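Asks: Provided below are the primary sequence and the corresponding predicted coordinates.
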Amino acid sequence: MNRAVAFIDVLGFKQKIVSESATDLGEKYKRVIRNALEKHSINADFSKEPAIFPEMSGDDEFCISNVFSDSIILSSFDDSETNCLKLLVFTYRLARSMIVQGFLVRGGISYGDMFVDLEDDIFVGTALTEAYELEMNQEWAGITIHDNLVNAFPHIFDGTREYAGYLNCLFVKYPVPMKRGEVKELYTINWRWNLIIQKGTKSLLGEPTDWAAKVKIDNTLKYAKFIRSNPLAYPADSFDCPIEIRTMYAAEGPPGDKMPSHGDEY
């Protein structure tokens, strides 16, 4: 069966293992993954809110997920456009949650033949191989979409689906920095969408420990600045924004009467 598949790698895991005990890192990572995967479902009444997927209930999951060490595999339930779009939207939700919690991610999403056995945790297919190859060749923290998925489901990207204006903000074409100095024009998952960080986006990326890390961070900030300047970061009317992609806030201290504002230009 054809499916949409995302392969997501948590960046900097080796450095974290060196600087933290396995127990401390494991407990922290478990909390982060649990929080991120809880975004599988939304505790709200979809029938009373603008929604990309009004047929979903609060307990419905967007897609199949599997975590192995510092890698996450997501797979659509089938080959339908709706379920492939659900995977794309969930990838955005997961990436945003992971980044806010201090774990940068890089990923690729592909579409093609895929075998999934949940009982034995077996994931095999060309879609996974292509998603993995796309992920490993990027030179930043970000997630890109293979052209084969765009070609399979053009209506997701061409402005003809309901909520097309929001989908066009969520899936953004960008000159993606690849390894060996190559640049590829690809659709990306706009993890920066509807994200308000009191200390600013740059505060989430940390300080580079070597030149390779600096290049990745600089490329990531360049993307975030591109999103802000176009503008593709925030909805014109937050009340009309679909419930699946509404604002996430990252701020210190207990909630106050006033919503925090974003802290930098990225």
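Replies: Received, thanks. What you see is a predicted model; the values in this text were computed from it and never measured. Numbers count the residues shown, from 1 in each chain.
Asks: what segments of the chain are helices?
Replies: Applying DSSP state H to the chain gives helices spanning 13-19, 22-37, 81-100, 126-136, 147-152, 164-170, 202-205, 211-229.
Asks: got a markdown table for those, with distance to residue 193 too?
Replies: (Each C-beta comes from the backbone N, C-alpha and C, glycine too.) Shown next, in a markdown table, are these (distance: least, CB to CB, whole Å):
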| stretch | distance to residue 193 |
| --- | --- |
| helix 13-19 | 25 |
| helix 22-37 | 16 |
| helix 81-100 | 7 |
| helix 126-136 | 20 |
| helix 147-152 | 18 |
| helix 164-170 | 6 |
| helix 202-205 | 15 |
| helix 211-229 | 7 |
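Asks: looking at those, which is nearest to residue 181?
Replies: With CB to CB, the closest approach to residue 181 among the helices of the chain belongs to helix 211-229: 10.4 Å.
Asks: tell me how far residue 54 lies from residue 162.
Replies: 9 Å (CB to CB, to the nearest Å).
Asks: now the helix or strand of the chain at the bottom of the mean pLDDT ranking, how far from the centre of its chain.
Replies: Ranked by mean pLDDT, DSSP states H and E, the weakest helix or strand in the chain is helix 13-19, scoring a mean of 73. Centroid separation for helix 13-19 versus its chain: 22 Å, with CA atoms, centre = their mean, to the nearest Å.
Asks: quick revisit: please identify the deepest-packed of the helices of the chain.
Replies: With neighbours taken as mean count of other CB atoms under 10 Å, the helices of the chain reach their highest mean count in helix 81-100, at a mean of 22.
Asks: and that helix, average pLDDT?
Replies: The average pLDDT within helix 81-100 is 96.
Asks: now the angle between helix 22-37 and it, please.
Replies: Calculated by axes from the mean of the first three to the mean of the last three CA atoms, to 10 degrees, helix 81-100 forms an angle of 140 degrees with helix 22-37.
Asks: poorly predicted segments of the stretch 151-266 of the chain, please.
Replies: 253-257 (pLDDT under 70).
Asks: run the last query once more with 80
Replies: Counting by pLDDT under 80, the stretch 151-266 of the chain has low-confidence residues at 252-257.
Asks: which residues in it form strands?
Replies: Counting by DSSP state E, counting those that start in this stretch, one finds strands in the stretch 151-266 of the chain at the ranges 171-177, 183-189, 195-197, 248-250.
Asks: so can I have JSON lines of these showing distance to residue 151?
Replies: Shown next, in JSON lines, are the strands of the stretch 151-266 of the chain (distance: least, CB to CB, whole Å):
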{"stretch": "strand 171-177", "distance to residue 151": "14"}
{"stretch": "strand 183-189", "distance to residue 151": "11"}
{"stretch": "strand 195-197", "distance to residue 151": "29"}
{"stretch": "strand 248-250", "distance to residue 151": "31"}
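Asks: comparing those, which comes out most buried?
Replies: With neighbours taken as mean count of other CB under 10 Å, those reach their highest mean count in strand 195-197, at a mean of 20.
Asks: who does that one pair up with?
Replies: Strand 195-197 has the following strand partners under DSSP bridges: strand 248-250 (parallel).
Asks: contact partners of the partner strand?
Replies: Residues from elsewhere that reach strand 248-250, judged by CB atoms under 8 Å, 6 or more residues apart in numbering: 96, 97, 100, 194, 195, 196, 197, 198, 199, 204, 259, 260.
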